[in-house]
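>>> Curious how this folds, go ahead:
(chains A and B)
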Amino acid sequence: MIINKVRAPIALFAVLFTLWLLLSGTLAIDVLAIGLLVSFAIAFLLRDSSVLYAEPHPTPIAFLAVVLYFFYFLKELVKSNIMVAGIVLTPSMPINPGIVKVRTRLKSRSGRLLLANSITLTPGTLTVELRDEWLYIHWITVESTDIDVVTARIVAGFERYLEVIYG
Amino acid sequence: MGIILDVIGGLLLIGGASFLVVCGLGLIRMPDLFTRIQAGTKATTLGTLLTLVGATCLRPEWGIELLLIGLFTFFTNPLSSHVLARAAHRSGVRKLSTMKVDRLAEDTGGES
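As a prediction, this is how the structure comes out:
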């Protein structure tokens, strides 16, 4: 992938420089110069291991999917946090923990990373192990152990957006 | 305008703090390691988020830095809880747990 060889360090550079801008919070020329220099040096040194940064598609539809994904994620986060808080506050503790297995259709590494992270961030589910296309998820209220049912329940919502972003 | 923001920020801080208290309670009440990870490290996400948003309402000029803190939390929090859970599962803590099904142990033949 010759195009990724060029795109990945540029993407890494953009990420680093944006973070620098946000952290420093000024537009003074010397601060900007240091940021440019350091970001460029890091991106250059890590040019071979920065492939992850080039995996999202740089298209308008993918960008829209990122925004929609963010709002879907926030909705899930609030919903599941309230659910877990409810479980903790119920005197009888209605939990049924277990580890279930799900399959993802995502091929790219960073796509799977983001999926596993999202699943872990939403309370009630916790990614314990990731093997190829299989994710092992600790679920605090196991409703089913069938792979297809669980995949539809936990993974499908996030996957719908991530598929557009990573293809 | 300032007063309204102060009130909203204060309410958000109270909301965030209550979620964190519930998480602490969960840490004590949950029966085994995995469920405790669930309560302790992850249910804090909304608590932290609400606290950060509340602080942003009180001090709008800190907004960008607080946003970055939230971003770092979102990327590091799941990593640490995932690594804790994986290490625990590999070193055999699951034998002490209350899990009814364990597909991972089935697939690794109980070894791994």
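>>> which residues touch A:Asn117?
A:127, B:74-75, B:78-79 (C-beta atoms under 8 Å, 6 or more residues apart in numbering or on different chains). Bear in mind the C-beta positions are built from the backbone N, C-alpha and C, glycine included.
>>> mind listing which of those residues are in helices?
Within those, residues falling in helices by DSSP state H are B:74-75, B:78-79.
>>> Next up, the contacts around the most centrally placed residue in chain A.
Compute the mean C-alpha point of chain A, and by C-alpha atoms, centre = their mean the closest residue is A:Leu114, 2.2 Å away. Contacts of A:Leu114 were listed using C-beta under 8 Å, 6+ apart, and they are A:Leu162.
>>> A:Val78 contacts B:Leu49, correct?
No: if you go by C-beta atoms under 8 Å, A:Val78 and B:Leu49 don't touch, sitting 9.0 Å apart.
>>> between these two, who's got more neighbours?
B:Leu49 (21 against 15; other C-beta atoms under 10 Å in any protein chain shown).
>>> how about the residues of chain A near chain B?
A:19, A:22-23, A:25, A:77-78, A:81, A:84-85, A:87-89, A:93, A:95-101, A:116-118, A:120-124, A:126-129, A:136, A:138, A:140, A:142, A:145 (C-beta under 8 Å from any C-beta of the partner chain).
>>> Flag the shaky bits of chain A, pLDDT-wise.
Within chain A, the ranges that satisfy pLDDT under 70 run A:1-5, A:50-54, A:167.
>>> ok, back up a step: so which of the ones in helices among the contacts of A:Asn117 also contact chain A?
B:74-75, B:78-79.
>>> Kindly indicate the member of those with the most neighbours.
B:Pro78 (24 neighbours).
>>> Spit out the contact partners of that residue.
Taking C-beta under 8 Å, 6+ apart, one finds A:116-118, A:120-121, A:127, B:42 in contact with B:Pro78.
>>> can you give me the helices for chain A?
Ranges of helices in chain A, per DSSP H, are A:2-24, A:29-45, A:60-89, A:109-121, A:147-150, A:156-166.
>>> can you give me the angle the second one makes with helix A:2-24?
With axes from the mean of the first three to the mean of the last three C-alpha atoms, to 10 degrees applied, the angle from helix A:29-45 to helix A:2-24 works out at 150 degrees.
>>> CA atoms only for helix A:29-45, dumped as CSV, please.
The C-alpha coordinates for helix A:29-45 follow below in CSV (Å, rounded to 0.1, in the frame of the first residue of the first chain):
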residue,chain,number,x,y,z
ILE,A,29,4.9,32.1,16.3
ASP,A,30,7.7,30.6,18.4
VAL,A,31,5.2,28.1,20.1
LEU,A,32,3.8,27.2,16.7
ALA,A,33,7.3,26.6,15.3
ILE,A,34,8.3,24.3,18.2
GLY,A,35,5.1,22.4,17.7
LEU,A,36,5.6,22.0,14.0
LEU,A,37,9.2,20.9,14.5
VAL,A,38,8.4,18.3,17.2
SER,A,39,5.3,16.9,15.4
PHE,A,40,7.3,16.6,12.2
ALA,A,41,10.2,14.8,13.9
ILE,A,42,7.8,12.3,15.7
ALA,A,43,5.8,11.7,12.5
PHE,A,44,9.1,11.1,10.6
LEU,A,45,10.6,8.8,13.2
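>>> Name the residues of that helix that come out as buried.
Buried positions in helix A:29-45, judged by neighbour count with 16 or more other C-beta atoms under 10 Å in any protein chain shown: A:35, A:39, A:42-43.
>>> Go through those and name the one nearest chain B.
Comparing the buried residues of helix A:29-45 against chain B with C-beta to the nearest C-beta places A:Gly35 closest, at 14.7 Å.
>>> what's the nearest residue to the closest one if we skip its chain neighbours?
A:Trp20 (3.8 Å; C-beta to C-beta, 6 or more residues apart in numbering or on different chains).
>>> measure that neighbour to chain B for me?
11 Å (C-beta to the nearest C-beta, to the nearest Å).
>>> Isn't that residue up against A:Leu37?
No: if you go by C-beta under 8 Å, A:Trp20 and A:Leu37 don't touch, sitting 10.4 Å apart.
>>> Provide the count of other residues in contact range of A:Glu55.
Neighbours of A:Glu55 (other C-beta under 10 Å): 20.
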